[in-house]
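Undergrad: Everything below, folded, please.
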Amino acid sequence: MSGAFDDLVLASFLDPSETSLRDEWRSVLDRRRPVEGKRQVDFVPSEVVLSFCCSLLVDHSRFGSSSAHRAGFPVQELAALYKRPPTSIIAKMANLDGSRSHGGKYDRPVAAILTSDTRLLQAAYLRILSAARAEGIDKEDLPDFLDLEDGGDLWLAGQDELVDSVLESEVERTLRTLIDKRKSEISRAEIQDTERLLLSAARIGQHRFANEVLRNHGHRCVFCGMSGRIAGKRHPRLLTASHIKPWRSSTNRERLDFTNGLTACPTHDVAFDTGLITVGPDLEIRRTPELEFEIQREKPLQHAFGRPPLADRLLILSTSQRPDVNYLSWHRTEIFIDR
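TA: So this is what the prediction gives:
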């Protein structure tokens, strides 16, 4: 993609003016639901951006044409507002992450840029919602589904696991597989486009995974019970949602499986990740012999790893799904320092 025209078009997605946004919302409000079997109107730029924002919460790959009506919040809300079937929102999300090859020309570049720059994404999202409110579209018709209108910050959860070197190796491996399947040369532009899509997919997939883990555990550390909420407001960096079997060692399916995750405060997350603590078959929390010994000598360690604050067993809600025993077994065998 090159040239002043392409830059101008991209700006309509990434840096829209209030006037253009309000014009887009008026066109949306004037829409009529399409007659079945007839072509729908094209997506306006702000509609594309909100569909991308929707992908931060919903995994479109779980839904097809017969199940799109079951896709979670905010797919149904966006579909109703834009007077489209839910399948259209799901399809646009697939266009944006490259799952469908016949998406709009600017879908992939827009998605790649927004994934790499969360400040730009937040600014575009808030500008779109502000223009909607100015046109009389309230929070019932267009919910603030990223919780940013009241001063929140957009933060992609769980990104600490995605070390650049590991991501680069994964991208190279996938590209080699693609080239082997094609059995032909791939242009430099196509390689760059594929790299951007793979990195975008990894970051968004990790964000959705982390959010599912946090919700499953009630936004509390499963080792000590600490909440990331202070004065009624969540502080996302006080809790992390990491894989039991690390991202670098997991298959694509395991990377997205929230039963392969635990919510933890930073101290207990690092201790688990480095093998100082682990979890037994009955969810009992175990400490390494070295840690057991040092706790008796070091008061600060006792404050962090004594009982309390460390619980005897994982603090899992009765409504939570338990971590998969296979992942816990892998951690005890491969990570835990039991000597």
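Undergrad: Got the domain ranges for this structure?
TA: According to automatic domain parsing, the chain comprises the domains 4-134, 159-334.
Undergrad: Now render those as JSON lines, adding distance to residue 151 and mean pLDDT.
TA: Any C-beta I mention is one placed from the backbone N, CA and C, and that applies to glycine too. Formatted as JSON lines, the domains of the chain follow (distance: least, Cβ to Cβ, whole Å; pLDDT from 0 to 100):
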{"stretch": "domain 4-134", "distance to residue 151": "10", "mean pLDDT": "90"}
{"stretch": "domain 159-334", "distance to residue 151": "9", "mean pLDDT": "90"}
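Undergrad: As a markdown table, the ones you listed with mean neighbour count and distance to residue 149 would be great.
TA: Listed next are these as a markdown table, based on neighbours: other Cβ atoms under 10 Å; distance: least, Cβ to Cβ, whole Å:
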| stretch | mean neighbour count | distance to residue 149 |
| --- | --- | --- |
| domain 4-134 | 17 | 6 |
| domain 159-334 | 16 | 14 |
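Undergrad: what about those domains, which gets the closest to residue 148?
TA: Among the domains of the chain, the nearest to residue 148 by Cβ to Cβ is domain 4-134 (5.9 Å).
Undergrad: coming back round to it: with distance to residue 146 as extra columns, can I get the domains of the chain in CSV?
TA: Converted to CSV, those look like this (distance: least, Cβ to Cβ, whole Å):
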stretch, distance to residue 146
domain 4-134, 6
domain 159-334, 11
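Undergrad: Of those domains, which is nearest residue 144?
TA: So among the domains of the chain, domain 4-134 is nearest, using Cβ to Cβ, at 6.4 Å.
Undergrad: Can you tell me how far residue 9 is from residue 118?
TA: 22 Å (Cβ to Cβ, to the nearest Å).
Undergrad: hang on, residue 98 packs against residue 199?
TA: No - contact between residue 98 and residue 199 fails when scored by Cβ atoms under 8 Å: they sit 11.3 Å apart.
Undergrad: what's stretch 93-108 in contact with?
TA: 1, 6, 9-10, 13, 42-43, 48, 51-52, 54-55, 58, 60-61, 91-92, 110-111, 193-194, 196-197, 200-201, 204 (Cβ atoms under 8 Å, 6 or more residues apart in numbering).
Undergrad: can we see that at 7 Å?
TA: Applying Cβ atoms under 7 Å, 6 or more residues apart in numbering, the external contacts of stretch 93-108 come out as 9-10, 13, 48, 51-52, 54-55, 60-61, 91, 111, 193, 197, 200-201.
Undergrad: In those, find the pair that's most separated.
TA: Across these, no pair lies farther apart than 9 and 61, at 27.7 Å, counting by Cβ to Cβ.
Undergrad: Helix or strand next in line after the helix or strand where residue 178 lies, which one?
TA: Under the criterion of DSSP states H and E, residue 178 resides in helix 164-182. Per DSSP H and E, the first helix or strand lying C-terminal to helix 164-182 is helix 188-216.
Undergrad: Pull up the gap between the residue nearest in space to the middle of the chain and residue 96, please.
TA: The centroid of the chain falls nearest to residue 207 when counting by Cα atoms, centre = their mean (2.3 Å). Using Cβ to Cβ, one gets 14 Å for the distance from residue 207 to residue 96.
Undergrad: same deal with residue 74?
TA: 15 Å.
Undergrad: Next, residue 228: phi, psi?
TA: Dihedral pair for residue 228: phi -90, psi 10, per degrees, to the nearest 10.
Undergrad: Identify the residues contacting it.
TA: Counting by Cβ under 7 Å, 6+ apart, residue 228 makes contact with 219, 234, 235, 236, 238, 239.
Undergrad: Most widely separated two among those?
TA: Longest span within these, Cβ to Cβ: 219 and 235, 10.5 Å.
Undergrad: mind listing the helices for the stretch 201-339 of the chain?
TA: Under the criterion DSSP state H, counting those that start in this stretch, helices of the stretch 201-339 of the chain are mapped to 252-256, 266-273, 289-297, 299-305, 325-334.
Undergrad: of those helices, which approaches residue 245 most closely?
TA: Evaluated with Cβ to Cβ, the helices of the stretch 201-339 of the chain place helix 325-334 nearest to residue 245, the distance being 4.8 Å.
Undergrad: With just CA atoms, put that closest one into PDB.
TA: Extracted C-alpha coordinates of helix 325-334, given in PDB (Å, rounded to 0.1, in the frame of the first residue of the first chain):
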ATOM      1  CA  VAL A 325      -4.900 -31.300  35.500                       C
ATOM      2  CA  ASN A 326      -2.800 -32.000  32.500                       C
ATOM      3  CA  TYR A 327      -1.400 -28.500  32.500                       C
ATOM      4  CA  LEU A 328      -0.700 -28.600  36.300                       C
ATOM      5  CA  SER A 329       1.000 -32.000  35.800                       C
ATOM      6  CA  TRP A 330       3.200 -30.500  33.100                       C
ATOM      7  CA  HIS A 331       4.200 -27.600  35.400                       C
ATOM      8  CA  ARG A 332       5.100 -29.900  38.300                       C
ATOM      9  CA  THR A 333       7.300 -32.000  35.900                       C
ATOM     10  CA  GLU A 334       8.900 -29.300  33.800                       C
END
